[in-house]
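Student: Make a model of this:
(one chain, ligands or ions: 1)
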Amino acid sequence: MLYDNENIFAKILRNEIPYKCVYEDNYALAFEDINPQAPNHILVIPKGKYISFDDFTNLASDMEITGFFRAVGTTARKLKIDKQGYRVLSNIGKHGGQEVPHFHIHLFGGKRLGPMIVSE
Ligand code: AMP
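Tutor: Next comes the predicted model:
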């Protein structure tokens, strides 16, 4: 699978569509999810063109990986959800239910989040 330059998060990175920025540095951009599932629901994406967590951990440089995951923690602390706790999640591919093919971490917080996986 090739990276799709027209995916919605690629457009956000190019500033082609609006988004609510929470944190940004050289490695990552964090912004509010458009359809929040918790009081705090933030997406953190790498600046590089990676399709999924699998793609990112396979192909990104050590600096990109370190920088990105540091940015996830920094974002949580900036939101002040680190003390009460929060959840990070990444959907990968078809079974994971990934909708947008640019690697992203969901960051949920602001309330007790309940069970990790809903049974069908
Ligand atoms: P996933 O299913 O893990 O690929 O999640 C994609 C997430 O992107 C969903 O939670 C959507 O609500 C969110 N999303 C889609 N379009 C936008 C957008 N333009 N701005 C912010 N979040 C978005």
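Student: strand partners of the longest strand along the chain, parallel vs antiparallel please.
Tutor: Longest strand in the chain by number of residues (criterion: DSSP state E): strand 40-46. Partners of strand 40-46 in the sheet, by DSSP bridges, are strand 28-32 (antiparallel), strand 105-109 (antiparallel).
Student: Just put those in a markdown table and tack on mean neighbour count.
Tutor: (Glycine included, C-beta is placed from N, CA and C.) Formatted as a markdown table, those follow (neighbours: other C-beta atoms under 10 Å):
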| stretch | mean neighbour count |
| --- | --- |
| strand 28-32 | 21 |
| strand 105-109 | 20 |
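Student: Which parts of the protein are helices?
Tutor: Applying DSSP state H to the chain gives helices spanning 8-13, 53-59, 62-79, 93-96.
Student: and the second one, what does it pack onto?
Tutor: Secondary structure elements in contact with helix 53-59, counted by 3 or more C-beta pairs under 8 Å, 6 or more residues apart in numbering; DSSP states H and E, are helix 62-79.
Student: hmm, who's touching the helix it packs on?
Tutor: For helix 62-79, contacts defined as C-beta atoms under 8 Å, 6 or more residues apart in numbering pick out 22-23, 25-28, 30, 40, 42, 44, 46, 48, 56-57, 60, 82, 86, 88, 105, 107, 109.
Student: Thanks a lot, see you next time.
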